[in-house]
Structure formats: C-alpha cells, structure tokens
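Visitor: can you look at this prediction? I've put the sequence above it.
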Amino acid sequence: METEQIKALFEKHHDEYIKFKNVKDKLSGRPDIHAFLLLDRLVPSPGSDMVAYSEHDEFFLDVSLDDLSKSLIAEADIVDLVRCGVRIWNGEGLCMYA
C-alpha cells in the first residue's frame with residue numbers, strides 16, 4: 001500500500017479515533033500495547049524500542065509511513081491503530097498522546 005493511501009485511510013477513519021472498544025480481535029486489553037504489538041507484527045525491528053522519543057504529552061513511534069507501506073498492512077489494521085489513538089505526525093511518522 002502506498003504512503004498516500006495510508007494517509008487517506010487514517011483520515012477516512014478519523015471518526016474511530018480512540019474507540020478501542022470497537023477493536024474486535026484485541027492483542028491486549030490496553031490500547032497502547034495493542035497498537036505496539038500490531039505495529040511490531042507489521043514492521044518487526046528486533047532490538048529497537050517502539051517509542052523513538054517523547055515531548056510533553058506526546059510520544060513518537062519508531063515506525064514511519066514508508067515502513068508501513070512496505071508491510072502487508074490492511075485497512076482493518078489502520079482502523080485498529082486509529083482506535084488505539086495512533087495518529088500521523090509531520091506527514092511521515094506515527095505518534096500517540098500519553
């Protein structure tokens with residue numbers, strides 16, 4: 001999937017933002033852990049941390065849209081990430097509020 005398609009799907013499903021209760025097959029009972037596990041499955045990076053850095057009340061993930069575009073991400077995965085509170089930042093990366 002192209003990065004522009006990923007961006008469009010995040011926007012298309014913005015109404016599902018932070019609606020973790022709508023995730024059907026939960027990998028964890030915690031939205032952040034579910035998102036981390038899903039991203040780790042899609043873009044494995046052994047030995048690196050999922051959180052690249054944080055500022056104020058936001059943390060930035062060590063997964064880029066380019067990384068996701070090379071994975072087997074599906075629209076349902078994007079919907080689940082949105083439901084977990086994952087957002088696109090700066091047009092190229094992912095972040096979440098703490």
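Guide: Ah, there it is.

Visitor: how near is the nearest residue to residue 98 once chain neighbours are set aside to residue 85?
Guide: Counting by CB to CB, 6 or more residues apart in numbering, residue 57 is the residue found nearest to residue 98 once chain neighbours are left out, at 4.9 Å. The C-beta positions use only the backbone N, C-alpha and C, and glycine is treated the same way. Applying CB to CB, to the nearest Å, the value for residue 57 to residue 85 is 12 Å.

Visitor: joint contacts of these two?
Guide: Taking CB atoms under 8 Å, 6 or more residues apart in numbering as the criterion, residue 57 and residue 85 both touch residue 97.

Visitor: these two - which one has more neighbours?
Guide: Taking neighbours as other CB atoms under 10 Å, residue 57 and residue 85 compare with residue 85 leading, 17 against 8.

Visitor: surely the more buried one touches residue 16?
Guide: No - counting by CB atoms under 8 Å, residue 85 sits too far from residue 16 to count as a contact (10.4 Å).

Visitor: in this protein, which strand is the longest?
Guide: strand 58-64 (DSSP state E).

Visitor: just how off-centre is it within its chain?
Guide: Centroid displacement of strand 58-64 relative to its chain, using CA atoms, centre = their mean, to the nearest Å, is 9 Å.

Visitor: who touches the next helix-or-strand element following it?
Guide: Downstream of strand 58-64, the next assigned helix or strand under DSSP states H and E is helix 65-69. If you take CB under 8 Å, 6+ apart as the criterion, helix 65-69 is touched by 1, 2, 3, 6, 7, 42, 43, 88, 91, 92, 93, 94.
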